[in-house]
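**Q** Show me how the following folds:
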Amino acid sequence: MIEAILGLQRFMLRLLSRVDAPLMLALSAIMAVSLLVQFSAGDDSMRAVFAQGARFLLGAVALLLLANTSPSNLRTWTPWVYFGTLSLMPLVFLFGSGRSANLWLDLGVFYLQPGELLKLSVPMMLAWYLNRQTLPPTWKTLFVSAAIVGIPVLLIVKQPDFGTGMLVLASGGFALFLAGLQWRRILIFVGTAAAAIPVGYQFLMPYQKDRINVFLNPESAPQGAGWNIIQSKIAIGSGGMTGKGWGQSTQASLDFLPEHTTDFAFSVFSEEWGWLGVLAVMLIYLFIISRSMWMAMNAKDSYSRLLAGTLALTFFIYIFVNGGMVAGLLPVVGVPMPLISYGGTSAVSLLAGFGLIMSAYSHRKYLAN
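**A** Model prediction:
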């Protein structure tokens with residue numbers, strides 16, 4: 001019995017040795033903030049806390065397992081993971097559920113959002129493909145990369161889930177940038193995208209056009225499409241420097257602020273904890289991103305470096321978009337604040353992504369350049 005216990009202890013210590021302690025502590029701090037926000041803002045506080053905690057626990061298990069998976073095994077499995085997650089997307093159109101868009105598959109025990117899984121599998125597939133090519137990318141490499149990214153993005157936007165689609169698209173751009181894409185080609189793509197905006201606007205759905213119009217002038221529809229942004233800015237502004245105190249968010253408790261546990265959870269946090277609280281959380285986020293980028297740079301093969309760097313930069317985009325959205329600096333696109341907003345597949349996939357980053361760093365001694 002003692003030998004079995006000691007063996008289990010050694011096994012657990014070996015598993016935990018692959019987990020980066022500073023990064024894990026920072027992630028735990030953000031998850032603790034999430035639980036505080038969910039208890040304060042949730043309509044059923046304890047249920048929301050337990051549900052979010054269960055998702056964090058599942059995500060932590062995924063992080064632990066992936067951190068202990070060697071990059072060579074990840075490379076082997078990557079095409080299967082990519083095509084497996086991509087094959088779930090047609091099922092969303094046939095059997096999906098959701099209030100404003102069919103984003104989730106009801107599996108009975110929990111809801112699965114395939115679009116969130118593609119935030120992991122697309123960077124994995126791009127890193128796998130670029131790792132096998134001569135870098136910097138040639139036009140042929142860019143064409144294949146565009147297909148790897150473009151097909152999932154089109155399917156996600158078709159749901160419609162514009163926010164997730166743009167995050168997956170951004171991850172593709174980051175992977176190519178980290179692969180050494182020349183600046184002249186970057187400028188060509190940026191210029192082409194800018195020129196295509198007026199054309200793309202014509203294909204947006206009416207509610208998406210409303211979001212853009214409201215972003216430009218929220219007061220044009222104060223009781224309609226502009227309500228969310230106006231109430232979010234009121235919540236942020238009323239928090240002042242030190243906030244109203246935990247559990248004292250009037251915008252959430254009086255139901256002025258819609259989606260106060262999901263898309264606008266950070267507005268509730270800002271109202272309760274003020275600018276000092278926001279600054280503290282942003283500093284933790286900054287540490288998470290910088291630590292992840294440092295780990296990516298210290299990985300020993302191009303697959304690991306590209307994958308870890310892409311995931312770290314995509315995590316930054318999460319924060320940038322949601323922060324800009326709740327402050328009225330960007331249109332509302334349904335992107336949650338990472339690991340703070342209430343969400344299942346999103347929380348698990350984010351923590352799994354950090355498991356991939358830790359794998360790239362912790363296995364560096366066993367990889368060839």
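**Q** Might one say that F256 is in contact with I230?
**A** No - using C-beta atoms under 8 Å, F256 is not in contact with I230, being 9.4 Å away. Glycine gets a C-beta too; all of them are placed from N, C-alpha and C.
**Q** For the stretch 101-250 of the chain, which segments count as strands?
**A** Counting by DSSP state E, counting those that start in this stretch, the stretch 101-250 of the chain has strands at residues 105-106, 111-112.
**Q** among those strands, where is the model least confident on average?
**A** Mean pLDDT is lowest for strand 105-106 among the strands of the stretch 101-250 of the chain, at a mean of 70.
**Q** Report the helix or strand with the lowest average pLDDT across this structure.
**A** helix 2-16 (a mean of 66; mean pLDDT, DSSP states H and E).
**Q** what's the offset of whichever helix or strand comes after it from the middle of its chain?
**A** As assigned by DSSP states H and E, the chain's next helix or strand after helix 2-16 is helix 21-41. Centroid separation between helix 21-41 and its chain, computed with C-alpha atoms, centre = their mean, to the nearest Å, is 15 Å.
**Q** And stretch 346-355, by the same measure?
**A** 8 Å.
**Q** and that stretch, what's its mean pLDDT?
**A** 93.
**Q** got a list of contacts for that stretch?
**A** 23, 27, 52, 55-56, 58-60, 62-67, 69, 113, 116-117, 119-120, 292, 311, 314-315, 318, 336, 338-339 (C-beta atoms under 8 Å, 6 or more residues apart in numbering).
**Q** swap the cut-off to 7 Å and go again
**A** Outside stretch 346-355, the residues that touch it by C-beta atoms under 7 Å, 6 or more residues apart in numbering are 23, 27, 55-56, 58-60, 62-67, 116-117, 119-120, 311, 336, 338-339.
**Q** Now list the buried members of those residues.
**A** The neighbour count (16 or more other C-beta atoms under 10 Å) marks 23, 27, 55-56, 58-60, 62-64, 66-67, 116-117, 119-120, 311, 336, 338-339 as buried among these.
**Q** ok, M125 to F174 distance?
**A** M125 is 14 Å from F174, where distance means C-beta to C-beta, to the nearest Å.
**Q** Tell me which of those two has more neighbours.
**A** Counted by other C-beta atoms under 10 Å, M125 and F174 do not tie: M125 has more neighbours, with 25 against 21.
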